[in-house]
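>>> Have a look at this prediction, sequence included:
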Amino acid sequence: MIRTVDQHRDAVLGLVVPTAAHTVALEDGAGLVLAEDVTAHEALPRFDNSAMDGYAVRAADVAGATPGSPVHLRVVGDLAAGTDAEPVVEAGTAARIMTGAPVPPGADAIVPVEVTDAGIVEVEVREPSPAGRHVRRVGEDVSAGDVVLRAGSELTPYRLAAVASVGRAEVVVHRRPVVVVLATGSELVTPGVAPRRGQIPDSNSYLLAAAAAAAGARVQRLGVVPDDPDLLAEALGAQYPAADLVVTSGGVSVGAYDVVKEVLAPLPGMSFVSVAMQPGKPQGFGLLPDGTPVVSLPGNPVSAFVSFEAFVRPAILRLRGLSGAALERPRLRARVTQGWSSPAGREQHIPVTIVEDDGEVLVRPAAARGSGSHLVASLAAADGLAVVPADVEQVTEGDHVTVIRIAS
Ligand SMILES: Nc1nc2c(c(=O)[nH]1)N[C@H]1C(S)=C(S)[C@@H](COP(=O)(O)OP(=O)(O)OC[C@H]3O[C@@H](n4cnc5c(N)ncnc54)[C@H](O)[C@@H]3O)O[C@H]1N2
Ligand code: MOO
């Protein structure tokens, strides 16, 4: 029975669970996904501190200060960032203070150095500074006990900063998943090798390996396995113990030499199905005998790409520990500037070129001739995939479509 894109995506997602959690040094956590909540054990900022280089004062002392009638204060301390000195600022006094230094007892405002004469023993203040001005208050960022970052969050650079700010040297994260990529086809040669008649360069193993790496996996690209069942079984047998996911391309259709289907379909954990998607109709998926998940994508290069985006990328993100909306790419609405056709009964995912014109998002097919699962060189112009519902057979200039953005 034919299944929808969403049904197949759920089935593939059902093959994987997040990788085991382990503890790593903070700097090794970049790009990984937290497996614990990170909590602030104390408030941030940790203490009231100065937002300006200048003088810590009592606001009441400088309330009447003007350029024509400046206030003179005796300087009782010199506070650099990092100091633990606590000079008491009494009426008629001030402490020189630098950005980030603790506000001393008695002071309740900061006067920037620019409105003073920058004195060392005595300072002349030419402007008032009301209570609290230029003071960064304890706890105004987070309070003690607040969760700074939840389990399931990717450690982006700015989130690493938040985790570091609460003093964490280590984080508990999901292990980066290992994805093995292999392409099948006796017609394939390694790029750079001169193809004889009937042969073409392998592009899928490069596409899938780079896409899996971009999704956050550690990738082992096995390259090309010919259409020989023994060689494929050997390649899979040698690799799957180390892999969290195996991705194959080619050999899943109804041809006489469709080797992936021939080797894997008899296994009890594997299924070969038709998905109501164009391209990307024939799909294989399941578990190898040792439990390693496998996704077998069709060989046509655009089919392999579209299938990776729809099914494999979400599975890699799930392995990494992400869930929910984090499994999705951003979607946007765009106006079509050049129409194309779409097959009845299949949800089409067509590579498109995105152009922004005066704030409006415009799309046209990345390939001059519209849709075609073999138009691999035209992928060079793709920055999104337009999603055309199964009941639409013609997309016309001026229509609005949903676009999955694959490059920014
Ligand atoms: N009689 C039928 N024939 C086909 C059907 C069908 O329903 N009935 N479905 C078509 C569809 S749709 C697709 S998609 C393909 C899927 O075929 P396979 O997964 O078996 O892929 P292959 O036959 O191995 O290759 C298809 C095509 O892609 C080229 N290819 C394969 N691997 C690579 C690679 N690594 N790099 C670049 N190009 C690759 C290959 O040379 C073929 O041209 O089946 C249709 N046929
Ligand atoms: O479904 Mo195939 O993937 O059209 O090219």
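Nice, thanks for sending it over. Ligands and ions are numbered 1, 2, ... in the order given.
>>> host element of Val123?
strand 122-125 (DSSP states H and E).
>>> For the helix or strand of the chain with the lowest mean pLDDT, name the packing helices and strands.
Here the helix or strand of the chain ranked lowest by mean pLDDT, DSSP states H and E is helix 229-239, holding a mean of 90. Contact partners of helix 229-239 among helices and strands, from 3 or more Cβ pairs under 8 Å, 6 or more residues apart in numbering; DSSP states H and E: strand 178-184, strand 218-225, helix 259-264. Using the backbone N, CA and C atoms, a C-beta is placed for each residue, glycine as well.
>>> One more pass at 6 Å, please.
For helix 229-239, the packing partners by 3 or more Cβ pairs under 6 Å, 6 or more residues apart in numbering; DSSP states H and E come out as strand 218-225, helix 259-264.
>>> which of these is buried the deepest?
helix 259-264 (a mean of 23; mean count of other Cβ atoms under 10 Å).
>>> what element comes up after that one heading to the C-terminus?
strand 270-274.
>>> What average pLDDT does the helix or strand just after that following strand get?
Proceeding N to C from strand 270-274, the next assigned helix or strand is strand 277-278, under DSSP H and E. Confidence for strand 277-278, expressed as mean pLDDT, is 98.
>>> Does strand 277-278 reach ligand 1?
No: Strand 277-278 lies apart from ligand 1 when judged by Cβ under 6 Å from any ligand atom; the minimum separation is 7.7 Å.
>>> hmm, that strand in reach of ligand 2?
Yes: Strand 277-278 is in contact with ligand 2 by Cβ under 6 Å from any ligand atom, via Gln278.
>>> that older thread, what is the mean pLDDT for the strand holding Val123?
The model assigns strand 122-125 a mean pLDDT of 98.
>>> cool, and stretch 194-201?
97.
>>> For that stretch, measure first residue to last.
9 Å (Cα to Cα, to the nearest Å).
>>> sorry, back to before: contact partners of the strand holding Val123?
Outside of strand 122-125, the residues within contact range by Cβ atoms under 6 Å, 6 or more residues apart in numbering are 55, 62, 65, 70-75, 94, 111, 116-117.
>>> ok, now with 7 Å
Outside strand 122-125, the residues that touch it by Cβ atoms under 7 Å, 6 or more residues apart in numbering are 55, 57, 62, 65, 70-75, 94, 111, 115-117.
>>> distance of Arg331 from ligand 1?
Going from Arg331 to ligand 1 by Cβ to the nearest ligand atom, to the nearest Å gives 24 Å.
>>> For beta bridges, what are the partners of that residue?
Beta-bridge partners of Arg331, counted by DSSP bridges, are Ile404.
>>> That one: how many residues sit nearby?
13 (other Cβ atoms under 10 Å).
>>> Now do the same contact list for it.
Arg331 neighbours (Cβ under 7 Å, 6+ apart): Thr402, Val403, Ile404.
>>> is it true that Val71 touches Ala65?
Yes: between Val71 and Ala65 there is a contact under Cβ atoms under 7 Å: 4.3 Å.
>>> so His349 sits in a helix?
No: going by DSSP: H, G, I helix; E, B strand; the rest coil, the assignment for His349 is strand, not a helix.
>>> which ones are touching it?
Contact analysis of His349 by Cβ under 7 Å, 6+ apart lists Met277, Val306, Ala310, Leu385, Val387.
>>> Can you read off the pLDDT for it?
Note on His349: pLDDT of 98.
>>> picking up where we left off before, could you work out the most separated pair of the contacts of His349?
Met277 and Leu385 (11.0 Å; Cβ to Cβ).
>>> which residues touch Pro229?
Counting by Cβ under 7 Å, 6+ apart, Pro229 touches Val259, Glu262, Val263.
>>> So which of those is the closest to Ala367?
Val259 (28.4 Å).
>>> in the strand holding Val123, what counts as buried?
Going by neighbour count (16 or more other Cβ atoms under 10 Å), the buried part of strand 122-125 is Val123, Val125.
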